[in-house]
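Trainee: Structure, please.
(4 chains)
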Amino acid sequence: MIDVAITAEPIDTRALRANLPEHPDSGGYVCFEGHIRDINHGKKVRRLDYETYDELALKELTRICETAAERFKLGFVRAVHRKGSLEIGEPAVMIQVLSRHRREAFEGCRFVIDQLKARVPIWKKEYYDDGSTEWTQCHDHVSPDHDHEGHQHP
Amino acid sequence: MIDVAITAEPIDTRALRANLPEHPDSGGYVCFEGHIRDINHGKKVRRLDYETYDELALKELTRICETAAERFKLGFVRAVHRKGSLEIGEPAVMIQVLSRHRREAFEGCRFVIDQLKARVPIWKKEYYDDGSTEWTQCHDHVSPDHDHEGHQHP
Amino acid sequence: MQARIAVRYFAVLKDCSGKQSEELTVAAGARASDLYGMLAEKYAFPLGLKDIRVAVNDEFAKFDQPLNDGDKVAFIPPVSGG
Amino acid sequence: MQARIAVRYFAVLKDCSGKQSEELTVAAGARASDLYGMLAEKYAFPLGLKDIRVAVNDEFAKFDQPLNDGDKVAFIPPVSGG
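Mentor: Below is the predicted model of the structure:
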């Protein structure tokens, strides 16, 4: 089962945790959330905007979740991404997976967020305390220096 | 910051998610939950009991979380394990970590649950539908056939 | 013959063009790469073809794909979601 | 001289001994391995020394550690938490 969404409303992480399908055969649940950091590129971030190409982003996110479900034998995959204006600390993205095995739950969840960051048409504009702004490119707020492998920029 | 517990009360996953420390410098949150599966060793499981050696389990779990925090640069690690009698679907364990980088959040969370399963003095007794019972040994409900590497049975 | 194309702009391309979308007319048989070349010159886009991807009718496409009348085209700068 | 030892049993060892804990007396200088050998014979424990670990005073210890009067000893069958 796959559930994807791009939402202008704040991501309600507690409601999404409560709203899982019945899963008596899935022992492993892994969740990833990306929260807005206060520093990026060494600059103090005040807030940021996510812009999305909704039609294509939803298609691509669905494909990623389908691939993950098949490859990692996931009983459930949910990927929700926020759009619009976000404050420091707010969740920008939430990935949830259920699997029989914990290894596959971890790897499946990691696969979805890595692929999302590499392929899904979503763009982040950072507003800094010094008044400047920037459309960040491939430098994400979670792993600016570690996660370039696997990116598929053309 | 480290928070460990062994509890006879049901694990309130929503409350634990809501109760995270402020973390403006941590963009990555990863959570693992292990839920009780209805089948293990090919037998239908009715319920199970967790027995714990509380004094040593808390010490060992604390050491594991401290090691994880240092090795994976985690800003926060929480590990909560249930004891007593559990029904199918209930969470037996919950691990939560916060880190600047998502890679380290995933790897740190994985490290804690892997080490917990290998080293912490907690024992699971399964009660099957056919009336039999068994203290399981190194076959866990999440990964019966995948997760033997890294175990440190004496 | 000519083809009417609806173009959408995102992120830095939106900032440079000053618009979210517009309707343009291209020569029949023009390719997505031709259209991008024209727009990059017109709006001084800071990205080359190697930096971006193209979507036609809300699906990833190749730059050498000939455009048809009524196509919706979007150029995709490097993404930064998550 | 003799040493009084408080022994705790967990999991399969608790089922086999039929008790959660008991107080025993061992010869001075007896090691944890000696104590386990005695108990394994008495209660027909299904696990050998290679299968288990030992804790003395709520901390992992070596089997050749001599036991002292008042020590708390627990034998740890293979764990299965998580």
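
Trainee: Helices along the chain, start to end?
Mentor: Since no chain was named, I'll use chain A. For chain A, the helices identified by DSSP state H occupy A:13-18, A:54-71, A:102-119, in order along the chain.

Trainee: think we crossed wires, I meant chain C
Mentor: Secondary structure of chain C (DSSP H): helices located at C:11-17, C:32-43.

Trainee: Of those, which stretch is the most buried?
Mentor: Burial among the helices of chain C, expressed as mean neighbours by mean count of other C-beta atoms under 10 Å in any protein chain shown, is greatest for helix C:11-17, which shows a mean of 19. In this view, the C-beta of every residue, glycine as well, is placed from N, C-alpha and C.

Trainee: Can you give the contact residues for it?
Mentor: A:51, A:123, A:125, A:135, C:9, C:20, C:39, C:43-47, C:75, C:77 (C-beta atoms under 8 Å, 6 or more residues apart in numbering or on different chains).

Trainee: go on, stretch A:66-75?
Mentor: Contacts of stretch A:66-75 from elsewhere in the structure, counted by C-beta under 8 Å, 6+ apart, are A:1-2, A:21, A:23, A:25-26, A:77, A:97-101, A:104-105, A:107-108, A:111-112, A:115.

Trainee: ok, what's across the strand from the most centrally placed residue in chain A?
Mentor: To find the centre residue of chain A, average its C-alpha atoms and take the closest one (C-alpha atoms, centre = their mean): that gives A:Val93, at 3.8 Å. With DSSP bridges applied, the residues forming beta bridges to A:Val93 are A:Gly34, A:His81.

Trainee: Find the least confident helix or strand in chain A, judged by mean pLDDT.
Mentor: Each helix and strand of chain A was given a mean pLDDT (mean pLDDT, DSSP states H and E); the minimum falls on strand A:39-40 at a mean of 86.

Trainee: So in that sheet, which strands flank that one, and in what orientation?
Mentor: strand A:43-52 (antiparallel).

Trainee: And for the residue of chain C found nearest chain D, nearest residue in space, chain neighbours not counted?
Mentor: Using C-beta to the nearest C-beta, the point where chain C gets nearest to chain D is C:Gly82, with a distance of 28.6 Å. Leaving aside its sequence neighbours, C:Gly82 sits nearest to A:Lys117 (C-beta to C-beta, 6 or more residues apart in numbering or on different chains; 4.0 Å).

Trainee: Just the local confidence number for the one you found, please.
Mentor: According to the model's per-residue confidence, A:Lys117 sits at a pLDDT of 97.

Trainee: From what I see, it and C:Pro78 are in contact.
Mentor: No: checked against C-beta atoms under 8 Å, the pair A:Lys117 and C:Pro78 is beyond contact range at 10.8 Å.

Trainee: Which one's more surrounded, the two?
Mentor: Taking other C-beta atoms under 10 Å in any protein chain shown, A:Lys117 and C:Pro78 do not tie; A:Lys117 has more neighbours (24 against 20).

Trainee: Show me the shaky parts of chain A.
Mentor: Scanning chain A with the threshold set as pLDDT under 70 gives A:138-154.

Trainee: Let's see that with 90 instead.
Mentor: Within chain A, the ranges that satisfy pLDDT under 90 run A:22-26, A:39-43, A:136-154.

Trainee: Would you pull up the residue in it closest to chain C?
Mentor: A:Ile122 (3.0 Å).

Trainee: Could you measure from the nearest residue to that residue once chain neighbours are set aside over to A:Gly34?
Mentor: When the adjacent residues along the chain are set aside, A:Ile122 lies closest to C:Gly81, with 3.0 Å between them (C-beta to C-beta, 6+ apart). Taking C-beta to C-beta, to the nearest Å as the criterion, C:Gly81 is separated from A:Gly34 by 9 Å.

Trainee: So for the two, which residues contact both of them?
Mentor: Taking C-beta under 8 Å, 6+ apart as the contact criterion, the common neighbours of C:Gly81 and A:Gly34 are A:Ala92, A:Val93.
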